[in-house]
Structure formats: C-alpha cells, structure tokens
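Q: Starting from these lines, generate the structure:
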Amino acid sequence: HVQLVESGGGSVEPGGTLRLSCDVSRYTYSGYCMGWFRQAAGKEREGVVAIDSDGSTRYADSVKGRFTISKDNAKVTLYPQMSSLKPEDTAMYYCAVRTVLAKTYQYWGQGTQVTVS
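A: Residues are numbered from 1 along each chain as shown. Below you'll find the predicted structure:
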C-alpha cells in the first residue's frame, strides 16, 4: 500500500529555516493532491500547504510568504521549505496524499517534529 515517510524536522531558533521532505512510495494513481498538515500540542490539526499533480499550490494564510512547496516528480518527494520560522510554527508536521477525486486525504505519514524556540 501507499507509504509516506517524513524527514527533516528538528529544532531551530526563531527566524530560522527548515526543509522537510516527504517520500511517497507505491502510489500508482495518475493524479494526486499532496499536502502538509501540522498539529500543535492541545490544538486541532490544520492544513499548511498543498500541491496538486498539475502544480497548483495552496497555502494557509499563516505561512504565506514564509513556506514554499515543491515536488520532485521522479521521486514523488514533497519539500516544504520553511523560512522565517516563528515559535507558533512549533508542531508535529504530517504529509498526506489523496487521489484527485477523493474528498479526504487517504494516506498519511507518521509525522516529524518541528520546534522553534
């Protein structure tokens, strides 16, 4: 079945930069929507950024201008570049993927922790 593995999390000072990666394997559908979500302690999970197989992107208002999403089609790897990090960006970050017609994300990674302090 589809597998997603996140990496690149860690601790950084405010204003710093981190680049996360999400390696997707065994995804055989022709189209997709891939996204990153985060969940801070005591808060609900929120969408951060998403990218479709046609290259269109969507960003949460809280990260616009600071986060950039890109993908490597050959490897189906998703890279959110996060800059100007703030303490409020501290959370567990998860990548997820769904087919074009699905209404919810079907496949999820285990998450990677990002701490800004």
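Q: Strands of this structure, residue ranges please.
A: 3-7, 10-12, 18-19, 21-25, 33-39, 46-52, 57-59, 67-72, 77-82, 91-98, 107-108, 112-116 (DSSP state E).
Q: in the first one, what's buried?
A: Neighbour counts using 16 or more other CB atoms under 10 Å place 4, 6 of strand 3-7 among the buried residues. All C-beta spots, glycine's among them, are computed from the backbone N, C-alpha and C.
Q: and if you look at the second one?
A: When neighbours are counted by 16+ other CB under 10 Å, the buried residues of strand 10-12 are found to be residue 12.
Q: For the chain, name the helix or strand with the lowest mean pLDDT.
A: Here the helix or strand of the chain ranked lowest by mean pLDDT, DSSP states H and E is strand 77-82, holding a mean of 72.
Q: Touching, residue 60 and residue 38? I think so.
A: No. If you go by CB atoms under 8 Å, residue 60 and residue 38 don't touch, sitting 9.2 Å apart.
Q: Who has more neighbours out of these two?
A: Counted by other CB atoms under 10 Å, residue 60 and residue 38 do not tie: residue 38 has more neighbours, with 21 against 15.
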